[in-house]
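> Build me a model:
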Amino acid sequence: MRLWLCALLLGAGCGGLDGDIEDEITIEQGVYGQLLKGCDGCTDQPAVNEEVTVYVPGHDDQSVMSDGHGVYELGLPAGDYTLCTSVCTPITVPYGIIRYDWTSGPGGGTWH
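Numbers count the residues shown, from 1 in each chain. Alright, predicted model coming up:
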């Protein structure tokens, strides 16, 4: 019965979420990730058109919106930053790229 219900509601949250987003990334330096809407008792869904902001000490902030899969990417030089959506987290971008995903939830959500 559950499989039948999931097949019926596939577009409403019973389908799995593809976390393999590396083929969508176009930057070679900076931070990228996937934003998810989490909830108790449901399958995580992409957080579409959510703003992600990076605060850069001594420079202008950079913002981007997540795409239709909840994916965002920001080109940044290596260094220390603060990455924010509903909540913020300090990050260190190495030479190359680094992934930070976010899932909504209690207290605004968590970066991981």
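
> Other residues contacting the longest strand along the chain?
Looking across the chain with DSSP state E, the single longest strand is strand 30-37. Identification of contacts with strand 30-37 by CB atoms under 8 Å, 6 or more residues apart in numbering yields 17, 19, 21, 25, 44-47, 50, 52, 54, 66, 69-76, 81, 83, 85, 91, 93, 97-104. Heads up, the C-betas are built off the backbone N, CA and C, glycines and all.

> moving C-terminal of that strand, what's the next helix or strand?
Sequence-wise, the next helix or strand downstream of strand 30-37 (DSSP states H and E) is strand 45-46.

> tell me what that next one is packed against?
Applying 3 or more CB pairs under 8 Å, 6 or more residues apart in numbering; DSSP states H and E, one finds that strand 45-46 makes contact with strand 30-37.

> The strand it packs on: partners in the sheet, and parallel or antiparallel?
Strand 30-37 sits in its sheet next to strand 45-46 (antiparallel), strand 71-75 (antiparallel), strand 97-99 (parallel), strand 102-103 (parallel), going by DSSP bridges.
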